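Peer 1: Fold the following, please.
(one chain, ligands or ions: 2)
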Amino acid sequence: MAKIPISLKEGKIAEPKNDELIIGIDLGTTNSLVAFANDNVPKVIKHNEKSALVPSIIYFDPEGQIIVGADAKEKLVSEPSRTIYSAKRLMGKSYNDLSAVQELLAYNIVDTNEEELVRVKVGDTYYSPIDLSAKILGELKRTVEKELDREVKKAVITVPAYFNDAQRQATRDAGKVAGLEVLRIVNEPTAASLAYGIGLDADAERIIAVYDLGGGTFDVSILHLQAGVFEVLSTNGDTFLGGDDFDRAIVDFWIDTFKLDIKDGNKSFIQELRVSAEEAKKALSTKNEFEKEVNGVDLRITKQEFELLIQPMISKTINSCEQALKDAELTTTKIDEIIMVGGSTRVPLVKESVSKFFGKAVNDSINPDEVVALGAAIQADILAGNQKGILLLDITPLSLGIETMGGLMDTIVPRNTKIPSKGNRQYTTSVDGQKNLKITVYQGERDLVEHNRKLAEFILKDIPPMPAGLPKIDISFIIDADGVLRVKAKELRSETETSLEIKSQYGISEEEMATMLMDSIKNAKSDMHARGLLEARNEGNSMIKSLEKFLRDNREFLSSEQTDMVENLHQQLINLVAGDDKNKILDKISEINKVTEPLANEALTRIVSKELISDK
Ligand code: ADP
Ligand code: MG
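Peer 2: Numbering: from 1, shown residues only. Ligands and ions are numbered 1, 2, ... in the order given. Okay, here's the model as predicted:
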């Protein structure tokens, strides 16, 4: 067993100086906002005269200018295909995860089933969800910098408790692209409790339920707080449930009730309905009915009708609360406090239902839109060393991951993860009958492994021969409390397994670490560019292989024009993959998908009918 000395523990980041400003960001599906603590008191920063909330909406004008926030929201109706909302829903997702919602998104999600992560196409440019979130983070960064008249480089960003590794990593990357070093990713419910001051008083012991219903996500977390230490007892929720769904229910109600025509070409009308539905919902939080004329239709809804529509969704959230309690092995009477988070908790029926379930009045004294950002600012203040006596657990100072196709760094345990900790991810082979897989472990923040620090290398041997893509290889990283990293690789279908231990003995110096972090920020832009290109090339190469296989398998069924066309596209793609224009490669892949699908179907039909004939 290889033992490579490397310190994960000693190499801690130097304590930041006290005058250093670290901001707290709530990067929401619907609204984002930024806060920072001054003399230990957090406050949100206004984005305009009216509000601190920045709608998480990005408008790309045809001249290349980008607008984020309320002004972009106005473009939802007039220019739906250039106006991106709910980008957080796309973070770390594949197209297949999203096909159900494409209908409701007025912009263009690129539909190539081959690829892992979605992209959004605006005009001629492809944007990853990371790029999109980075635009929002950049806007928030500028807002603070303008307000304080100084540069800001560090941030704490919150994510829903249910975000998986890929989504958390995507959020970190977005920070990096926006020029922010993300010191920590914090769960939204944890931030909310901090905002309520719970956990800051070292003597208090409490059990809290945090109920967060935002625009796009719902989660409930049961937290135990003692001696300044947070422990998450359980979490539950739904990453696809929120106020957007209330709006959608109203839109559907109107379409049904008023027999509205929403067929093709009517995307901007749907948008207009959506905006009006939100208006209606907000009004119904304080009034009994809503009425508005849109496109000559008199849209109406009463509070009672609205409550009937959303009742099933609220019930779902209550079921989650029940499950979370069960998982924590608690009953409602054990809950000391219920914290309401997210704009949708302003709906009276939501508050009533939650308080009825827990048998107690809910705690909603802090603005539910701001509470997460305020908590993030407190967490930032703690990290800056301004709040004494608060326990911070040990963390991994640099990300740990492995090399994947094209020399890309794939992070398995992100930096600043509390240890002990565990992370795993599944991979597969790229060549038919591949028997061995080399696993190279790296440490660092750069997108290309060549810029990171190589820790170890080992080979998973004797994978039984299978077609490329079939083996399921699970790679797990386990870091124990002493900072020892164990890497295990296992082919799940055949149970082939191998592992190695990387021991922490000698430290990587703080200077080295600082340099690595600085480099990753300095090179963020070019790294992201390189990554985008490499990913596009990987996709291109797999498409080239598929085309070759397609030609081999179907040549006898294709006409000579069809064969020529496919061969032509094949050659064009080879040429593009050799070049360095990511967008051109992706365009060509989309084109090939469109062209070859009918051909594949046709070929299939001919094979089937040929078999039928030869059967006789
Ligand atoms: P997210 O965390 O998903 O970004 P927010 O916490 O900002 O979301 O909540 C946004 C949601 O809250 C939206 O669906 C919005 O319509 C809803 N919302 C805001 N104010 C009200 C209100 N007064 N009544 C009902 N819903 C509201
Ligand atoms: Mg939120």
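Peer 1: any low-confidence regions in the stretch 351-500 of the chain?
Peer 2: 388-397, 416, 419-420, 481-484 (pLDDT under 70).
Peer 1: Kindly report the residues of it close to ligand 1.
Peer 2: Contacts of the stretch 351-500 of the chain with ligand 1, taken as Cβ under 6 Å from any ligand atom, map to Asp369. To be clear about C-beta, it is placed using only N, CA and C from the backbone, and glycine gets the same treatment.
Peer 1: Grab the nearest non-local neighbour of the closest residue to ligand 2 within the stretch 301-450 of the chain.
Peer 2: Nearest residue of the stretch 301-450 of the chain to ligand 2 (Cβ to the ion) works out as Gly342 at 5.0 Å. Among residues not flanking Gly342 along the chain, Gly214 sits closest, at 3.8 Å (Cβ to Cβ, 6 or more residues apart in numbering).
Peer 1: Please apply the same query to Leu241.
Peer 2: Phe218 is the one closest to Leu241 (Cβ to Cβ, 6+ apart), at 4.4 Å.
Peer 1: So what pairs up with the one you found in the strands?
Peer 2: Counting by DSSP bridges, Phe218 is bridged to Leu213, Asp238.
Peer 1: Could you measure from the closest residue to Gly359 other than its chain neighbours over to Val595?
Peer 2: Spatial nearest neighbour of Gly359, excluding adjacent residues (Cβ to Cβ, 6+ apart): Thr332 at 5.5 Å. Applying Cβ to Cβ, to the nearest Å, the value for Thr332 to Val595 is 59 Å.
Peer 1: how many neighbours does the residue nearest to Gly359 have?
Peer 2: 14 (other Cβ atoms under 10 Å).
Peer 1: Check what pLDDT the residue of the stretch 251-400 of the chain found nearest ligand 1 gets.
Peer 2: Ranked by Cβ to the nearest ligand atom, the top residue of the stretch 251-400 of the chain for proximity to ligand 1 is Gly343, at 2.3 Å. pLDDT for Gly343: 96.
Peer 1: tally of neighbours for it?
Peer 2: Using other Cβ under 10 Å, the number of residues around Gly343 comes to 21.
Peer 1: these two touch, right, it and Leu33?
Peer 2: No - taking contacts as Cβ atoms under 8 Å, Gly343 lies outside contact range of Leu33: 11.4 Å.
Peer 1: Touching both of those two, which residues are there?
Peer 2: Overlap of the contact sets of Gly343 and Leu33 (by Cβ atoms under 8 Å, 6 or more residues apart in numbering) consists of Asp369.
Peer 1: I'd like the domain boundaries of the protein, if you could list them.
Peer 2: 20-198+368-383, 400-509, 526-615 (automatic domain parsing).
Peer 1: Just put these in CSV and tack on mean neighbour count.
Peer 2: Shown next, in CSV, are the domains of the chain (neighbours: other Cβ atoms under 10 Å):
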stretch, mean neighbour count
domain 20-198+368-383, 21
domain 400-509, 17
domain 526-615, 15
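Peer 1: contacting residues around Thr137?
Peer 2: Small correction: residue 137 is Leu, not Thr. Taking Cβ under 8 Å, 6+ apart as the test, what Leu137 contacts is Ile25, Leu27, Ser32, Ala155, Ile157, Ala174, Gly175, Val177, Ala178, Leu180.
Peer 1: Run the chain-centre distance for the one helix or strand it maps to.
Peer 2: Taking DSSP states H and E as the definition, Leu137 sits inside helix 129-148. Helix 129-148 sits 17 Å away from the centroid of its parent chain (Cα atoms, centre = their mean, to the nearest Å).
Peer 1: go on, stretch 525-539?
Peer 2: Chain-centre distance of stretch 525-539: 19 Å, with Cα atoms, centre = their mean.
Peer 1: which outside residues touch that stretch?
Peer 2: Under Cβ under 8 Å, 6+ apart, the answer for stretch 525-539 is 112, 114-115, 128, 130-131, 173, 176-177, 405-408, 446-448, 451, 520, 577, 580, 582, 585-586, 589.
Peer 1: run the last query once more with 7 Å
Peer 2: 114-115, 177, 405-406, 408, 446-448, 577, 580, 582, 585-586, 589 (Cβ atoms under 7 Å, 6 or more residues apart in numbering).
Peer 1: quick one on the thing from earlier: so is the helix holding Leu137 next to ligand 1?
Peer 2: No - against ligand 1, helix 129-148 shows no contacts by Cβ under 6 Å from any ligand atom, the least distance being 10.6 Å.
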